[in-house]
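> 3D model of this:
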Amino acid sequence: MKNKIQINNLKDTAKKAIDSTHATASSIASYTKNKINDTQQSVVKVIDVNGNGQVDIEDFIILGLKTPGIRIQREDFLRAEFMKKFPKDTIEKAIASTPAQSGIPIEDINEIADQVIQYERNCVSGISAALGVPGGFSMVATIPTDIVQYYGYMLRAAQKLMYLYGFPEIDTNENNQKFDSETLNILILCLGAMYGVQGANAAIKALAKAFAEGVQKKMMKAALTKGTIYPIVKSISKWFGVNMTKQVFSGFFKKAIPVVGGVIGGGLTYLSFKPCCLKLKHSLEDTILSNPSHKSDHEETALVSGMILQAKN
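Next up is the predicted model:
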């Protein structure tokens with residue numbers, strides 16, 4: 001009888017322990033879920049600089065351009081790169097027109113482009129360590145800084161490559177605390193090309209053709225903000241938005257923070273950066289601005305024709 005009572009007491013004790021464990025686990029799960037939701041809202045609040053309530057590529061471009069050292073002045077950059085090898089008159093012509101039109105061989109332009117990619121790649125790998133350390137909820141404070149820096153180096157590389165391959169100065173000056181929509185959309189196209197998003201290459205080649213043919217700035221802006229190229233920009237933005245939100249938050253409490261294209265952390269940053277830049281380089285080195293022998297395809301011509309037709313209407 002005594003043994004039976006002891007067994008029953010043990011069962012009661014075990015049941016209470018299990019119930020207590022379940023209650024504790026449930027409480028922890030609920031607390032963790034609430035903390036994750038609070039943390040995600042904090043991230044959105046910090047990053048959402050365009051005020052649309054979402055984490056998107058435009059937020060990272062705006063934050064990136066506000067970071068010191070991210071904006072590249074075309075004239076200063078081209079002069080610094082070409083003065084190592086070319087005479088002053090050639091450099092001035094490259095600045096006034098395009099490097100290709102100034103007579104600078106494409107082999108030299110490609111070599112400088114590769115050096116640019118390697119330099120920015122080395123720089124971006126230096127921020128990996130900050131993202132490779134487990135940070136729990138305290139990681140909220142580092143997310144904007146670290147990921148913005150990553151995309152900042154992408155933007156630096158994009159601007160430099162565009163200038164090497166004949167694109168004019170991109171207006172990265174703030175206008176009443178806002179960046180020009182045309183500028184944002186050009187950079188969205190570049191980032192889209194870096195990640196192989198459909199339509200980005202065709203849009204970049206069409207822009208190059210429009211610049212080469214002297215299409216008015218007003219027409220270019222209309223095409224980028226509401227005309228023929230705008231749907232491509234919106235499609236790329238949507239692609240980035242879906243992937244960014246999903247990957248930033250799904251990997252939030254892992255050792256490294258995944259973003260579009262891979263995980264920023266350790267050697268993966270170094271490995272993933274170069275292929276993205278090379279995709280943009282390959283797109284830019286075969287446009288009418290960079291290659292006098294370039295043959296426009298149907299999609300490229302149709303986009304420019306649509307741009308001009310819309311302006312007439």
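> alpha carbons only for contacts and neighbour counts from here, please
OK.
> show me where the stretch 101-250 of the chain dips below the pLDDT cut-off.
126-146, 244-250 (pLDDT under 70).
> helices of that one, start to end?
Ranges of helices within the stretch 101-250 of the chain are 106-125, 128-131, 143-164, 181-194, 200-212, 217-225, 230-250, based on DSSP state H, counting those that start in this stretch.
> what about Glu300, neighbour count?
Using other Cα atoms under 10 Å, Glu300 is surrounded by 21 other residues.
> check Ser102 too.
Count around Ser102 with other Cα under 10 Å applied: 16.
> which residues touch it?
Thr90, Ile91, Lys93, Ala94 (Cα atoms under 8 Å, 6 or more residues apart in numbering).
> so which of those residues are in strands?
If you go by DSSP state E, the contacts of Ser102 have nothing in strands.
> okay if I get the residues you listed as CSV plus distance to Ala202?
Formatted as CSV, the contacts of Ser102 follow (distance: Cα to Cα, whole Å):
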residue, distance to Ala202
Thr90, 30
Ile91, 29
Lys93, 28
Ala94, 25
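> widest-spaced pair of those?
Thr90 and Ala94 (6.2 Å; Cα to Cα).
> neighbour count: the two, which is higher?
More crowded of Thr90 and Ala94, by other Cα under 10 Å: Ala94, with 23 against 17.
> I'd guessed Tyr230 sits against Ile236; true?
No - in this structure Tyr230 lies outside contact range of Ile236 using Cα atoms under 8 Å: 9.9 Å.
> which of these two has more neighbours?
Ile236 (24 against 19).
> what's near enough to touch that one?
Ile188, Leu189, Gly192, Val197, Gln198, Ala200.
> so how far is Cys276 from the third one?
Going from Gly192 to Cys276 by Cα to Cα, to the nearest Å gives 9 Å.
> which of the three states applies to the residue lying closest to Ala212 once chain neighbours are set aside?
Leaving out its chain neighbours, the residue that sits closest to Ala212 by Cα to Cα, 6 or more residues apart in numbering is Leu289, at 6.2 Å. Secondary structure for Leu289, judged by DSSP: H, G, I helix; E, B strand; the rest coil, is coil.
> tally of neighbours for Leu289?
Neighbours of Leu289 (other Cα under 10 Å): 29.
> now it: how far from Thr225?
Separation of Leu289 from Thr225 (Cα to Cα): 22 Å.
> cool, and Leu271?
Counting by Cα to Cα, the gap from Leu271 to Thr225 is 34 Å.
> between those two, point out the one with more neighbours.
Thr225 (20 against 14).
> thought the more buried one was touching Glu182?
Yes - with contacts counted by Cα under 8 Å, Thr225 reaches Glu182, the gap being 6.4 Å.
> what about the closest residue to Glu300 other than its chain neighbours, distance to Ile232?
Nearest non-adjacent residue to Glu300, counting by Cα to Cα, 6+ apart: Ala206, 4.8 Å away. Going from Ala206 to Ile232 by Cα to Cα gives 12 Å.
> higher neighbour count, the two?
In this view Ala206 and Ile232 are compared by other Cα under 10 Å, and Ala206 has more residues nearby, 25 against 22.
> tally of neighbours for the nearest residue to Trp239 once chain neighbours are set aside?
The shortest distance from Trp239 to any non-neighbouring residue, by Cα to Cα, 6+ apart, is to Val197 (7.7 Å). Other residues within reach of Val197, judged by other Cα under 10 Å, total 18.
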